[in-house]
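Participant: when you get a sec, could you give me coordinates for this:
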Amino acid sequence: MDEENPNPVELEKCVLRINGMTCASCVAAIEKQAKKVDGVVDIAVSLMAAKAEVKYDPFRILPSQIANAITDFGFDASVIDDQQAGVGEVNIHIGGMTCASCVNNIESNMKKQKGIIDAQVSLALQSGKFKFDPEETGPRDIIENILDMGFEASLDNVRDVSHLDHRDSTRKWRNSFFVSLIFGVPSMILMMYFMFTMDMDHEHTVCEFPMCIIDGLSMENFLLFLLSTPVQFIGGRHFYVAAWKALKHKSTNMDVLIMLATTISYVYSCIVLLAAILLRHNPSPMTFFDTPPMLLLFVSLGRWLEHIAKGKTSEALAKLLSLKATEAVIVTVSPEFEILSERQISVDLVQRGDIIKVLPGSKVPADGKVIYGSSMCDESLITGESMPVVKKRDSLVIGGSINMNGVLLIKATQVGDDTTLAQIVKLVEEAQTSKAPIQQLADKIAGYFVPVVVGVSILTLFCWIIIGFTNPAALNIKNYDEHRYTLVENVFQYAFRYALTVLAIACPCSLGLATPTAVMVGTGVGATNGILIKGAEPLENAHKVQTVVFDKTGTITHGVPMLTRITLYASEAFCPLSKLLAIAGVAESSSEHPIGTAIVKFVKTVLGSDISGRCENFQAVPGCGLGVSVSFISGMFENIQNSSEFQRFAQMRSQLRQLRKTYSMHQVEIDVSNQSESRIDLISHENELIVSSDDNGNQSFKVLIGNREWMRRNGVKFSSIVDSNMMELEDQGQTAVLLAVNGVLCAMMGIADGVKPEAHLAVYTLRKRGVNVILLTGDNKKTAKAIAQQVGITRVFAEVLPSHKVEKIRRLQKLGHRVAMVGDGVNDSPALAQANVGIAIASGTDVAVEAADVVLIRNDLLDVIACLDLSRTTVRRIRLNFLFASVYNIIGIPLAAGAFSHWGFMLQPWMGSAAMALSSVSVVCSSILLKLWKKPTREKLSTPEYMKALELRNYGTDNFDDISVHRGLDDMGPPDFSRFSRASSVISGAVNEFFGRSPRGGRKDLLLGAQEDGDGNDVEFFPMVGRKPQSKSKFEEMQRL
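Facilitator: Next up, the predicted model:
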């Protein structure tokens, strides 16, 4: 906060594209210089993504000015993300403008159009930039309006993705390599030839014709001069430009080292050769003309290979971008979905609400909902789901997925940057731009690396000069050099060679590339497997997690009420299951309660179509149940009876009753063990269902669905067996619902928020790996314990509000635990933000979960294990890269300085450059090996040991006595009633109450509503039970929020 201005400045963020960076030194230089710019508060530069995120004061500087400042530093920069949230922006190429009147005409007319926020047209550029509200208009409407004015218009905002595969940089260094190769190879051949001939000739100590052209100028030096000069100034021009820009802003990078080595060797050689010619010195002096072509040859080769490898690291992101369709077929349809007209347009012109026809084999152009047709869609590259997904009416489709078979008509719901694919790409790009904590150390080292290396090179020069004059025998001088040159010449040449080799071999690039390349590959591999990691820091921290805290609803469970069990009491002759389902489905179709939704969903699944029937005299009593008259069900009854699933059940019914086993129909257990012709203790009524009919013969049934109290009120009798069955379900955390038809109890249905099938395996695997697993939920203790027993969790905290969840995470962290919180992102946002790693379970298209560090698109708990595995694998690769880069420099620089020359280990400058190039390429290739990572599958995790444990659980021999269940406040202490916590608590409470979850305990007899006992005792709720009446104070508090 500024002392003169007590109001805090609200900072904004922009994203820049930066080209020309070669190593971590460039990153350090840009960050250092940019922070000196007035108005720039913070900057994070990503070498691999060629991007920078800048936090700035909008009252002091604009994003374009920041980009210009960085361009002045010597790096080409441009703004790529400067749009307001909820505002669309499009560039349109406009033809036919002749003067300023045309510009004014377009701008004034466009600003009058609905949904246009701003219009800026440039006559010189023949283009216009338009900001618009995507809810009201879009690029297609803008183009059509401009065309109507008599001008030409076309889209001009095609996204440039060439930076992902480093295409331009790869081409630049390839050309540089070939220039160096043309002159470098002859230089190497000449050098080896003359070295060999001189080593064999010990007699001639002077240079003679033809080996010597004139006194002081040998054929060797002349030819090497001719070959090295083009390389120095043509092949090395990119290094000169980059080095000059760095030095101009008082910073250093890898290019400075390279140009120091080549320039010094070239200039030194020219000077000594010119002096020898002028002084007519014979033999011709020893020069280093071979160093520039050889060094630049290997460095440009290394840069070329490095950029090819860098392109491979972002292959996953490029693959995601390539999923985007290029064209879409827009249609108009009749109410019967007959196509009246169609036209093909660019996908960038698709707007919300458009009806799109998707042909078999083509890509889905945008996110939308199917309004007609059925097919299978391949979503593997977006969600990681390997099997095609069935799409039918009302199914959601993801833009970029491939339609396998069948024509679909979809209504676009999200277009452009709002699509799932665009959100995924944005998250991955942000993750690859961010820096891991371990990388910050490498960048700091790289900032001091070049000056230190220059210092080491100078120190090497003086040390060898001193050693050469004090102890000439320590110099490993070749025989022909000893005979041809004086001691002074040999000493200086010897020392100079080692100093140049130090400059050539030192490489900060391998240190700078160790982390970002691994992070880029890791996040890309995660994205293609449905795991979106939002940055380098969570990718690095996830493997350190010691405790995983799971939310229950929507995470361990599906988050919606599901029919889990139907226990039949009425005989098959009295009321068959097919008729029972038809009656229940029609009766609940008029109810908006979650329990009714679960029953209707199951009936629709069995039926294979929508429910058709009539409901009359509908009555719902809060806390009890509903009553309704149902008719016109004959068609549904026949369809259910004719379904293959029901016919299979009918064939096995007698056998199931005898064996007292259940039948699984669409994951719902059908229990016929209590169904018998003579069970009059269960249904005290005649053996035929008494129905009433209208004049047309349509049967009408009086249906009651509710709890015990509702049945008693309406005179429906049931025995102790029914009560026992209900208590059994309630002890498992389910809601038991009784169904009576015309006063006869026919069935009991169990409804619960079902546990995900992979939850037990996920928890078992985490515990097997030594990770503590905790269940943190707002539900009551009995329900929480029942769920914990099903999935194998031994520590449970129940009746916990969102603010208390945050406090629990804090307490675990204070005890030294690194905590990962896994939630569904609805009421878990505070806890997700507080945890060391927040993991949000998304549902296919819900990927923009702001509070989480990791988003699991597939809604699969096994991806939690995959996330931890990927983090562990990536961090191991980063450490291996760092180890290699550090050992390379620690060993390479002393070797280049001649520290091991006494034992015959010495390097020439060109050898140092080759080693330097190899180090960078090897680090990048090491990171690319992360692509070999495979996500752990259910088959791989289902070990024989797990199958044995699962068998023990199914037979009820597992010991759950060690489950510790705590009531939230008993273990937490007073909550933090900050404004954010209170708001979260109230919002979560509303969500909980809507789904029938309450942080209070008590009676288990309430169904559609809640009634408090007169003495004020707590009321207990089971999963997905009805709402509790709100107090006036709480209602007012929600209104204020």
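Participant: burial count for residue 787?
Facilitator: The number of residues packed near residue 787 is 28, by other C-beta atoms under 10 Å. Where C-beta positions appear, they are placed from N, C-alpha and C, glycine not excepted.
Participant: out of the helices and strands in the chain, which is least certain?
Facilitator: Lowest on mean pLDDT, DSSP states H and E among the helices and strands of the chain sits helix 1032-1040, with a mean of 35.
Participant: nearest residue to residue 217 other than its sequence neighbours?
Facilitator: residue 277 (5.4 Å; C-beta to C-beta, 6 or more residues apart in numbering).
Participant: what sits against that neighbour?
Facilitator: 214-217 (C-beta atoms under 8 Å, 6 or more residues apart in numbering).
Participant: dump those residues into TSV; add secondary structure as well.
Facilitator: Below are the contacts of residue 277 laid out as TSV (DSSP: H, G, I helix; E, B strand; the rest coil):
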residue	secondary structure
214	strand
215	coil
216	coil
217	strand
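Participant: any chance of these in a markdown table, with neighbour count too?
Facilitator: Supplementary listing: these in a markdown table, determined by neighbours: other C-beta atoms under 10 Å:
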| residue | neighbour count |
| --- | --- |
| 214 | 14 |
| 215 | 17 |
| 216 | 22 |
| 217 | 21 |
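Participant: just the residues you listed now: which is nearest residue 355?
Facilitator: Residue 355 has its nearest neighbour among these in residue 217, at 81.5 Å by C-beta to C-beta.
Participant: show me the contacts for that closest one.
Facilitator: Listed by C-beta under 8 Å, 6+ apart, the contact set of residue 217 reads 273, 276-277, 284.
Participant: how about the strands of the stretch 651-800 of the chain, start to end?
Facilitator: Counting by DSSP state E, counting those that start in this stretch, residue ranges of the strands within the stretch 651-800 of the chain are 662-665, 668-671, 692-693, 699-706, 735-741, 744-755, 772-776, 795-798.
Participant: which of the residues in the second one are buried?
Facilitator: Within strand 668-671, the residues that qualify as buried are 668, 670-671, counting by 16 or more other C-beta atoms under 10 Å.
Participant: and the helix or strand hosting residue 626, which strands flank it?
Facilitator: Following DSSP states H and E, one finds residue 626 within strand 625-631. Partners of strand 625-631 in the sheet, by DSSP bridges, are strand 614-621 (antiparallel), strand 699-706 (antiparallel).
Participant: from residue 716, how far out is the most centrally placed residue in the chain?
Facilitator: The structure's the chain has its C-alpha centroid closest to residue 532; by C-alpha atoms, centre = their mean the separation is 1.8 Å. According to C-beta to C-beta, to the nearest Å, residue 532 stands 52 Å off from residue 716.
Participant: do residue 472 as well
Facilitator: Noted for residue 472: a distance of 114 Å to residue 716, by C-beta to C-beta.
Participant: neighbour count for those two, which is higher?
Facilitator: Neighbour totals were compared for residue 472 and residue 716, and residue 716 leads with 23 against 14 (other C-beta under 10 Å).
Participant: excluding chain neighbours, what is closest to that one?
Facilitator: In space, residue 716 comes closest to residue 740 once its chain neighbours are excluded; the distance is 4.5 Å by C-beta to C-beta, 6+ apart.
Participant: then residue 603?
Facilitator: residue 585 (3.2 Å).
Participant: isn't the one you found up against residue 600?
Facilitator: Yes: Residue 585 is within contact range of residue 600, at 5.7 Å (criterion: C-beta atoms under 8 Å).
Participant: please enumerate the shared neighbours of those two.
Facilitator: In contact with both residue 585 and residue 600: residue 611, using C-beta under 8 Å, 6+ apart.
Participant: specify which residue of the two has the higher count of neighbours.
Facilitator: The residue with more neighbours, out of residue 585 and residue 600, is residue 585; 26 against 21, by other C-beta under 10 Å.
Participant: quick one, what contacts the more buried one?
Facilitator: Contacts of residue 585 (C-beta under 8 Å, 6+ apart): 599-600, 603-604, 607, 611, 613, 636.
Participant: try 6 Å this time
Facilitator: With contacts defined as C-beta atoms under 6 Å, 6 or more residues apart in numbering, the neighbours of residue 585 are 600, 603, 611.
Participant: let me know the secondary structure of it.
Facilitator: Applying three-state DSSP: residue 585 is helix.
Participant: gap between it and residue 649?
Facilitator: For residue 585 relative to residue 649 (C-beta to C-beta), the value is 17 Å.
Participant: returning to what we had before: for residue 248, find the nearest of the strands of the stretch 651-800 of the chain.
Facilitator: Of all the strands of the stretch 651-800 of the chain, strand 772-776 sits nearest to residue 248, with 55.2 Å by C-beta to C-beta.
Participant: now the strands paired with strand 625-631 as JSON lines including mean neighbour count and distance to residue 42?
Facilitator: Shown next, in JSON lines, are the strands paired with strand 625-631 (neighbours: other C-beta atoms under 10 Å; distance: least, C-beta to C-beta, whole Å):
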{"stretch": "strand 614-621", "mean neighbour count": "14", "distance to residue 42": "57"}
{"stretch": "strand 699-706", "mean neighbour count": "22", "distance to residue 42": "60"}
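Participant: next, format those as TSV and append distance to residue 941 and mean pLDDT.
Facilitator: Putting these into TSV (distance: least, C-beta to C-beta, whole Å; pLDDT from 0 to 100) gives the following:
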stretch	distance to residue 941	mean pLDDT
strand 614-621	45	85
strand 699-706	41	88
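Participant: redo the ones you listed as a markdown table? Include distance to residue 127.
Facilitator: Formatted as a markdown table, the strands paired with strand 625-631 follow (distance: least, C-beta to C-beta, whole Å):
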| stretch | distance to residue 127 |
| --- | --- |
| strand 614-621 | 60 |
| strand 699-706 | 64 |
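Participant: looking at those, spot the one closest to residue 239.
Facilitator: Relative to residue 239, the nearest member of the strands paired with strand 625-631 by C-beta to C-beta is strand 614-621, separated by 79.5 Å.
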